[in-house]
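K.L.:
sequence first, then the predicted structure:
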Amino acid sequence: MLGAFPSQIIAQMIRDGQIVGSDDSRIQPSSLDCTISDEIYKMKGVFLPRAGEKMSDLIKEGALFPWDLGKPLECGGIYLARLNETLKMRPTVYARANNKSSTGRVNLQVRLLTDGVPRFDAVPRGYRGALWVLLIPRSFSIKLSKGDALNQIRFFNADTTLTRPELEALYDEEALLHTSNGIHVSKERVEFDERGGITLTVDLEQPIVGYKCRQSSGTILDFGSRTHDPNDFFEPIHKPKAGHLVLRRDEFYILSTLECLRVPPTFACEMAAYDPSKGEFRSHYAGFGDPGWGYGREGEIPAAPIVLEMILQDNDVILRHGQPVCKVVYERLAAAADRPYGTGELQSNYALQRGPRLSKHFAMEEAAAHINNMRIGAVPLTHLVRERP
């Protein structure tokens, strides 16, 4: 049983004491939601521990002062928070972390740190110790509470990322990409990366192609609320009349992929580092697709697009419909997940998303209304076509 750990193995790790401070309610199909404590510090800047250095030493050198979690994190501020979870992993187990979708979609950067590891989001084999997160709200101030889940951690005992031949074989079996009206994308139209990835492109043909963050220092997002007015934080981007969209440097956008993705329950997928020769931008913060995404337990859920959280790094960028924007890689699980994404066992906020969906923090009547404006062919969502072209 080698590969990424599914939900049932993570549950066993909690029972065995390898994960302390969590419970089954935090388990996702192949990850564990991590929660923040009320120990948090305002930092001078972004710090990484040196090899062998304790986080407590880094705090002494890099912290300005303890932060009262009763106050919002200020937009542009840099904070370090201890998580409630600690690890006592076996020597064969290592881990990686990602933003949750709901933090990525509000441009809250969350990076995991551990004792003695000079890298973000990486937990070495056999790690025993506390977990910390660096928090940077990049678009507006954010009010957090103790116990909020901001990132997710994934566990492995081997790298089972699919090679290109393995990925092509899986595509032959499962047709991993669909069009928005449920038709399989023929393999001949798919761009497979030599290192085992599938290229996805941007959709600019929807009535609303995305959202642009409103830069407002006076706006505060309460992370625990589900009733925010999206108009206070984002402005919709309508289908561009000129056929292209200009993205401005240092601004934050939510877009979506043209292709709809499927992830069978024995696999997970991850947004890989994108080839900079195809564009100087970052297209994702969350970057992880659960087993069962756009699939369910036995293929009963229609394929779903990926939401892109895009921020420009150097220059303004002109995007055109169908332009490559990201790459996904698939990895094999150690066993099929017993809680696939979108099934009844889990609350799945984005299982049926279509188009550039906002995060769960916004009034559902407002945020979800835009889904009805998205073209899903002439076929109702529950009756999507299953035929090959």
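P.N.:
Happy to help now that I have it. Numbering: from 1, shown residues only.
K.L.:
can you list the domains in the protein?
P.N.:
As recorded under automatic domain parsing, the domains making up the chain are 7-156, 164-383.
K.L.:
pLDDT below threshold where in the protein?
P.N.:
By pLDDT under 70, the weakly predicted segments of the chain are 216-217, 273-286, 344-354, 364-389.
K.L.:
out of the domains of the chain, flag the one nearest M1.
P.N.:
Among those, domain 164-383 comes nearest to M1, with 4.2 Å by C-beta to C-beta. Every residue, glycine included, has its C-beta placed from N, CA and C.
K.L.:
wait, E235 touches G210, no?
P.N.:
No. Contact status for E235 versus G210: not in contact, 10.0 Å apart, counting by C-beta atoms under 8 Å.
K.L.:
show me what the strand ranked longest in the chain is packed up against.
P.N.:
Ranked by residue count under DSSP state E, the longest strand found in the chain is strand 32-43. Counting contacts by 3 or more C-beta pairs under 8 Å, 6 or more residues apart in numbering; DSSP states H and E, strand 32-43 is packed against strand 63-66, strand 79-88, strand 128-137, strand 149-156.
K.L.:
I'd like the domains of the chain as CSV, with distance to M1 and mean neighbour count appended.
P.N.:
Listed next are the domains of the chain as CSV, based on distance: least, C-beta to C-beta, whole Å; neighbours: other C-beta atoms under 10 Å:
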stretch, distance to M1, mean neighbour count
domain 7-156, 8, 18
domain 164-383, 4, 18
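K.L.:
doesn't E188 lie inside a helix?
P.N.:
Yes. Checked against DSSP: H, G, I helix; E, B strand; the rest coil, E188 lies within a helix.
K.L.:
which residues touch the spatially closest residue to F192 that is not a sequence neighbour?
P.N.:
If the residues on either side of it in the chain are set aside, F192 comes closest to R164, at 5.5 Å by C-beta to C-beta, 6 or more residues apart in numbering. R164 makes contact with F192, D193, E194, R195, G196, according to C-beta atoms under 8 Å, 6 or more residues apart in numbering.
K.L.:
now, the most widely separated pair of these?
P.N.:
F192 and R195 (9.6 Å).
K.L.:
could I get the contacting residues of D250?
P.N.:
Counted by C-beta under 8 Å, 6+ apart, D250 has contacts I311, L312.
K.L.:
helix, strand, or coil at it?
P.N.:
Assignment for D250 (three-state DSSP): coil.
K.L.:
measure it to Q215 for me?
P.N.:
Going from D250 to Q215 by C-beta to C-beta, to the nearest Å gives 9 Å.
K.L.:
could you do L131 as well?
P.N.:
Distance, L131 to Q215, by C-beta to C-beta: 32 Å.
K.L.:
quick check: phi and psi on the closest residue to R138 other than its chain neighbours?
P.N.:
Counting by C-beta to C-beta, 6+ apart, R138 lies nearest to N107, which is 4.5 Å off, once chain neighbours are set aside. Main-chain torsions, N107, degrees, to the nearest 10: phi 60, psi 40.
K.L.:
before we move on, the earlier item: give me the contact list for the longest strand of the chain.
P.N.:
Residues contacting strand 32-43 (C-beta under 8 Å, 6+ apart): 10, 19, 22, 26-27, 59, 62-67, 69, 77-85, 97, 100, 112, 131, 133-135, 144, 146-155.
K.L.:
switch to 7 Å and redo it
P.N.:
10, 19, 22, 26, 59, 62-67, 69, 77-85, 100, 131, 133, 144, 146-153 (C-beta atoms under 7 Å, 6 or more residues apart in numbering).
K.L.:
could you look up the SS state of S56?
P.N.:
Applying three-state DSSP: S56 is helix.
K.L.:
now do the helices in this protein.
P.N.:
Assigned by DSSP state H, the chain shows helices spanning 7-16, 55-62, 101-104, 164-174, 364-367.
K.L.:
surely A268 meets D290?
P.N.:
Yes. With contact defined as C-beta atoms under 7 Å, A268 counts as touching D290 (6.4 Å).
K.L.:
mutual contacts of the two, please.
P.N.:
Overlap of the contact sets of A268 and D290 (by C-beta under 7 Å, 6+ apart) consists of S30.
K.L.:
C-alpha coordinates for stretch 53-61, PDB please?
P.N.:
Extracted in PDB, the C-alpha atoms of stretch 53-61 (Å, rounded to 0.1, in the frame of the first residue of the first chain):
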ATOM      1  CA  GLU A  53      16.500  25.600  14.000                       C
ATOM      2  CA  LYS A  54      13.400  25.500  16.200                       C
ATOM      3  CA  MET A  55      10.400  27.700  15.400                       C
ATOM      4  CA  SER A  56      10.700  29.200  18.900                       C
ATOM      5  CA  ASP A  57      14.100  30.600  17.900                       C
ATOM      6  CA  LEU A  58      12.700  32.100  14.700                       C
ATOM      7  CA  ILE A  59       9.900  33.800  16.700                       C
ATOM      8  CA  LYS A  60      12.500  35.400  19.000                       C
ATOM      9  CA  GLU A  61      14.300  36.900  16.000                       C
END
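K.L.:
go ahead and confirm C326 touches A272.
P.N.:
No. With contacts counted by C-beta under 7 Å, C326 stays clear of A272, the gap being 8.1 Å.
K.L.:
circling back: R297: which of the helices of the chain is closest?
P.N.:
helix 7-16 (12.6 Å).
K.L.:
tell me the angle that closest one makes with strand 79-88.
P.N.:
For helix 7-16 against strand 79-88, the angle by axes from the mean of the first three to the mean of the last three C-alpha atoms, to 10 degrees is 80 degrees.
K.L.:
could you check how far helix 7-16 is from the centre of its chain?
P.N.:
With C-alpha atoms, centre = their mean, to the nearest Å as the basis, helix 7-16 stands 22 Å off its chain's centre.
K.L.:
and if you look at stretch 174-188?
P.N.:
So, by C-alpha atoms, centre = their mean, the centroid of stretch 174-188 is 22 Å from its chain's centroid.
K.L.:
export it as PDB, just CAs?
P.N.:
Taking Å, rounded to 0.1, in the frame of the first residue of the first chain, the C-alpha atoms of stretch 174-188 are listed here in PDB:
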ATOM      1  CA  GLU A 174     -11.400   7.200 -17.500                       C
ATOM      2  CA  ALA A 175     -11.400  10.100 -20.100                       C
ATOM      3  CA  LEU A 176     -10.200  12.600 -17.400                       C
ATOM      4  CA  LEU A 177     -11.200  15.700 -19.300                       C
ATOM      5  CA  HIS A 178     -14.800  16.700 -20.400                       C
ATOM      6  CA  THR A 179     -16.300  19.700 -22.100                       C
ATOM      7  CA  SER A 180     -18.700  21.900 -20.200                       C
ATOM      8  CA  ASN A 181     -21.700  19.900 -21.600                       C
ATOM      9  CA  GLY A 182     -20.300  16.600 -20.500                       C
ATOM     10  CA  ILE A 183     -18.700  15.300 -23.700                       C
ATOM     11  CA  HIS A 184     -15.300  13.500 -23.300                       C
ATOM     12  CA  VAL A 185     -12.400  15.400 -24.700                       C
ATOM     13  CA  SER A 186     -10.700  13.000 -27.200                       C
ATOM     14  CA  LYS A 187      -7.200  12.000 -26.200                       C
ATOM     15  CA  GLU A 188      -5.800  13.500 -29.400                       C
END
